[in-house]
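S.K.: using only what follows, build the 3D model:
(chains A and B)
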Amino acid sequence: MDQIKKELKQPYTEYTLDMFLRSAGKDHAEIHQFNRWREEVIKAGKYTFEIPHLYAQKSEIEVQRITGEKYNLINFASYNYLGYSYHPEVLSSAKEALDTYGLGATGSPLLNGTFNLHKIFERKLAEYFGLEGYGVSLFSSGYGANIGVISAYIHKGEHVVLDRSSHASLFDGALLSQGKITLFKHNDIEHLEKVLKRISHENSRVLICTEGVYSADGDYGKVKEIVQVAKRYDAKVLVDEAHSLLLAGSNGKGVAEEQGVLEDVDLIIGTFSKSFAGVGGCLYAKEEIINYINYYARSRVFSCAIDPAVTGGLIKALELAGGSDGKIKRVKIKKNAKYFRSKLFGKVDIGTSETWIIPVIYGHERITIPLSDFLHKEGVDISLMMFPAVPKNKSRLRVFVTSEHSKEHMDKGADAILKAAKKFGFLLDD
Amino acid sequence: MTKRENIDLLVWNFDFALSTFYEIESWQVEKLLPPRIIPMEVTPGVALINITVFNFPEGGLGKLPEFQELILSIIVLPDLSRDVPKFAMYVISLSSTCQEHLDHSSDYYKLPSFKKLSFGNIDKKNINVEFGDSDGKILTMQNCNPQANYRNEKRYFQAFTTKNEVIYVADIYIRAKLFDHQQSGYTGKLFNHPFFKQLEVEDTEPVSYLQMIAAPNVLGQQIYYRPKKFI
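M.R.: The predicted model follows:
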């Protein structure tokens, strides 16, 4: 490299992950360059990715960086919204299932991996939602549920219409389906209608995908309005309730319940790695659709069923969330989120957040790595999102508030964010 | 032009640059790319084209008078074995108000020079431009974010091009006071014009994905290496 190129070489903070995605050459340049960048971040002592947690995902955690340094942190980075990952009754139920059924399901749910425990869970979930003639299909991940359901439901030449802010699993499902993908502006019903008007004349199946709560912005999907527009154009609606199941709605059935359209949504996707605090995913839909999906969703058929211990824990988590524990925790998480937002509102940019996910928009992606390091040193763990996952100059912290956070946790978290905002220049007063 | 170290490197001075990246269906751009050059997609099926306007003041490029340049490229996968650029571009059309510059670009940089522009109006104060030639208006383009926050930046880009069926790649460094944004808003209009080759731009009204703007009237540098064969 000549002298000028050396002078113009960028520091590690100037790179974003999209820049290492793929190289035009046939060598492995992207792998080589990515590793070089990763090593630079590690060498600078700022590497906070893939950080091992030493204990459960409680409100206070201990982590150990790649350098060996340990940090005691207040945890705002986990979506263990209701604290069920360490709830004694959930653990006890999981242990019992482990003792009875062993470690893994060791088979596809369609063939030999289904246990009666899975059937109990399916039935309990269906009862929880409560619509006559509906059922549940279980998947081993939320990602798998989205890619499996969309690619089985939509075929080549049909249409998938996605909100621009959709989760990667919805995009990947659409891609796998080989349907025609069209995007509409985030939560913009007028734009959605324009899109539907354009494609509805093709006389093919149209699936609109939205989310209950959008995880980058912490706002609600406009499910009710989407359902209304969809009916006018004979389109079907899928709602991914990953960040809203057990949380939104008076009974925790999600945003579709909250907005009064549970019966009007064709496909509801749930995730078990968030408020359920285990792992897995599901589809809730009419039984005939469930029967079909069970056979044709490839991510389900060609994956192992959810492991028994987790399934045992999930059953207990659902039982708790459907009872008084869930009611109390739903009130608490909303109260906590409101309190946390009030600590930040007007001081930093929290965007359009109206839920338990509170983004703090700090702007330029070059701040990301030093900011993450700074927050650790201030005693908090908060996840970060940067371009291209969010727009340029809209990089953000994502605070996941849980029902388990105390006022003291939130005060400390907000103080750390405001201190960081002052240091890195994203305080609104500046 | 300023000679630095060797003839493989030219330094161009500019006092205005406005660059807009537009979303476009991947199938539209794929037909304009040679084998091995692959469009970068921001979401499945959605690629990017880039249109950049420069104003080079008198003396900004050798002894040439002040002139304006208009470049159209497709954003493609970079060659990371060279280094990691902000973006890699495959240039498909280049116009200029200066014929000498067009000839030089074709000869030295192997760029696909289009015919001379008949006008290139740049309003530096309001950051908007209007370009056209004897076939009519090509485009209008404007910044849609009034809250520009310029910073001194160094950027690395790669420019691919094809001449006589040979693919070339060049390294380009920009040193300037820059501002990028993804604010949505009106960024101007693209007209159906031969400059856009076979891209359908007028009826589809491509959405702006990103804008990069150099602080007007502040001299920036484009350090542009001679292209090499892409192997």
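
S.K.: my guess is B:Y150 contacts B:K177, does it?
M.R.: Yes - the pair B:Y150 / B:K177 is scored as a contact, 4.3 Å apart, by Cβ atoms under 8 Å. Yep, even glycine has a C-beta here, placed from its N, CA and C like the rest.

S.K.: after the top helix by length along chain B, which helix or strand is next?
M.R.: Secondary structure of chain B per DSSP state H: the longest helix is helix B:99-108. Next along the chain after helix B:99-108, taking DSSP states H and E as the criterion, comes strand B:119-123.

S.K.: by contact count, what packs against the helix or strand that comes right after that following strand?
M.R.: Next in sequence after strand B:119-123, counting helices and strands by DSSP H and E, comes strand B:128-133. Applying 3 or more Cβ pairs under 8 Å, 6 or more residues apart in numbering or on different chains; DSSP states H and E, one finds that strand B:128-133 contacts strand B:67-76, strand B:119-123, strand B:136-142.

S.K.: go with 6 Å
M.R.: Applying 3 or more Cβ pairs under 6 Å, 6 or more residues apart in numbering or on different chains; DSSP states H and E, one finds that strand B:128-133 contacts strand B:119-123, strand B:136-142.

S.K.: re earlier: mutual contacts of B:Y150 and B:K177, please.
M.R.: Here B:Y150 and B:K177 have B:A215 as joint contacts, going by Cβ atoms under 6 Å, 6 or more residues apart in numbering or on different chains.

S.K.: which parts of the stretch 1-150 of chain A sit against chain B?
M.R.: Selection of the stretch 1-150 of chain A residues close to chain B by Cβ under 6 Å from any Cβ of the partner chain yields A:L8, A:M19, A:R22, A:S23, A:A24, A:G25, A:D27, A:A29, A:E30, A:Q33.

S.K.: where does confidence bottom out across those residues?
M.R.: Lowest pLDDT within the residues of the stretch 1-150 of chain A next to chain B is found at A:G25 (77).

S.K.: tell me which element that one is part of?
M.R.: Counting by DSSP H and E, there is no helix or strand that carries A:G25.

S.K.: wait, doesn't it sit right on B:P78?
M.R.: No - A:G25 lies out of contact with B:P78 (Cβ atoms under 6 Å); the separation is 9.2 Å.

S.K.: hang on, the earlier thing: narrow the residues of the stretch 1-150 of chain A next to chain B to those in strands?
M.R.: Of the positions in these, not one sits in strands, assigned by DSSP state E.

S.K.: filter these down to the buried ones, PyMOL style.
M.R.: The buried residues among the residues of the stretch 1-150 of chain A next to chain B can be selected in PyMOL (16 or more other Cβ atoms under 10 Å in any protein chain shown) with this line:
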select buried, chain A and resi 8+19+23+24+25+29+30+33
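
S.K.: next secondary structure after the lowest-mean-pLDDT helix or strand in chain B?
M.R.: Lowest by mean pLDDT, DSSP states H and E among the helices and strands of chain B is strand B:2-3, with a mean of 47. Counting by DSSP H and E, the next helix or strand C-terminal to strand B:2-3 is strand B:9-14.

S.K.: pull the CA atoms of that next one into PDB?
M.R.: C-alpha atoms of strand B:9-14 as PDB (Å, rounded to 0.1, in the frame of the first residue of the first chain):
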ATOM      1  CA  LEU B   9      -2.700   9.100  -9.200                       C
ATOM      2  CA  LEU B  10      -4.600  12.300 -10.000                       C
ATOM      3  CA  VAL B  11      -5.900  14.700  -7.400                       C
ATOM      4  CA  TRP B  12      -9.000  16.600  -8.300                       C
ATOM      5  CA  ASN B  13     -10.300  19.600  -6.300                       C
ATOM      6  CA  PHE B  14     -14.000  20.200  -6.100                       C
END
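
S.K.: is chain A within reach of it?
M.R.: No - residues of strand B:9-14 are not located near chain A by Cβ under 6 Å from any Cβ, the shortest gap being 7.0 Å.

S.K.: what packs against that strand?
M.R.: Judged by 3+ Cβ pairs under 6 Å, 6+ apart, strand B:9-14 is in contact with strand B:220-225.

S.K.: repeat that for 8 Å
M.R.: strand B:2-3, strand B:46-56, strand B:220-225.

S.K.: if I take that strand and strand B:46-56, what angle do their directions form?
M.R.: Counting by axes from the mean of the first three to the mean of the last three Cα atoms, to 10 degrees, strand B:9-14 lies at 80 degrees to strand B:46-56.

S.K.: for strand B:9-14, the distance to its chain's centre please.
M.R.: 15 Å (Cα atoms, centre = their mean, to the nearest Å).

S.K.: sheet partners, orientation included, of the next helix or strand after it?
M.R.: Downstream of strand B:9-14, the first helix or strand assigned by DSSP H and E is strand B:16-25. In the sheet, strand B:16-25 lines up against strand B:46-56 (antiparallel), strand B:208-214 (antiparallel) (DSSP bridges).

S.K.: right, and the helices and strands packed on strand B:128-133 - which one's nearest A:I208?
M.R.: Set against A:I208 and scored by Cβ to Cβ, the helices and strands packed on strand B:128-133 come closest in strand B:136-142, at 33.1 Å.

S.K.: mind listing what's buried in the closest one?
M.R.: Result for strand B:136-142 [16+ other Cβ under 10 Å]: buried residues B:I138, B:L139, B:T140, B:M141, B:Q142.

S.K.: ditto for stretch A:74-89
M.R.: Buried residues in stretch A:74-89, counted by 16+ other Cβ under 10 Å: A:74-85, A:87.

S.K.: so which residues on chain B come close to chain A?
M.R.: Chain B has residues B:4-5, B:9, B:36-38, B:40, B:42-46, B:76-81, B:83-86, B:88, B:154, B:156, B:160, B:171, B:173, B:175, B:180-182, B:184, B:210, B:223, B:230 near chain A, with proximity defined as Cβ under 8 Å from any Cβ of the partner chain.

S.K.: pull the number of nearby residues for A:E404.
M.R.: 22 (other Cβ atoms under 10 Å in any protein chain shown).

S.K.: next one: the one 4 residues further on
M.R.: Residues lying near A:E408 (other Cβ under 10 Å) number 10.

S.K.: pLDDT of stretch A:380-397, averaged?
M.R.: 87.

S.K.: now it: how far from the chain's centre is it?
M.R.: In terms of Cα atoms, centre = their mean, the centre of stretch A:380-397 is found 14 Å from the chain centre.

S.K.: now stretch A:293-301
M.R.: 22 Å.

S.K.: so which bits of it are buried?
M.R.: A:I293, A:N294, A:A297, A:S299, A:R300, A:V301.

S.K.: what's the closest non-adjacent residue to the first one?
M.R.: The reference is to A:I293. Of all residues not flanking A:I293 in the chain, A:S137 sits nearest, at 4.9 Å (Cβ to Cβ, 6 or more residues apart in numbering or on different chains).

S.K.: so the one you found is in which element?
M.R.: Going by DSSP H and E, A:S137 is in strand A:134-139.

S.K.: residues contacting that strand, please?
M.R.: A:109, A:118, A:121-123, A:125-126, A:145, A:148-149, A:280-287, A:290-291, A:293-294, A:297, A:299-300, A:303, A:305-306 (Cβ atoms under 8 Å, 6 or more residues apart in numbering or on different chains).

S.K.: could you dump the helix or strand following it to PDB, C-alpha only?
M.R.: Downstream of strand A:134-139, the next assigned helix or strand under DSSP H and E is helix A:142-153. Below are the C-alpha coordinates for helix A:142-153, written out as PDB (Å, rounded to 0.1, in the frame of the first residue of the first chain):
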ATOM      1  CA  GLY A 142     -39.200 -17.900  16.000                       C
ATOM      2  CA  TYR A 143     -37.000 -17.400  12.900                       C
ATOM      3  CA  GLY A 144     -37.900 -20.900  11.800                       C
ATOM      4  CA  ALA A 145     -41.600 -20.200  12.300                       C
ATOM      5  CA  ASN A 146     -41.500 -17.100  10.000                       C
ATOM      6  CA  ILE A 147     -39.500 -18.700   7.300                       C
ATOM      7  CA  GLY A 148     -41.400 -21.900   7.400                       C
ATOM      8  CA  VAL A 149     -44.900 -20.400   7.400                       C
ATOM      9  CA  ILE A 150     -44.300 -17.800   4.800                       C
ATOM     10  CA  SER A 151     -42.500 -20.100   2.400                       C
ATOM     11  CA  ALA A 152     -45.200 -22.800   2.800                       C
ATOM     12  CA  TYR A 153     -48.100 -20.400   2.500                       C
END
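
S.K.: good, wrapping up.
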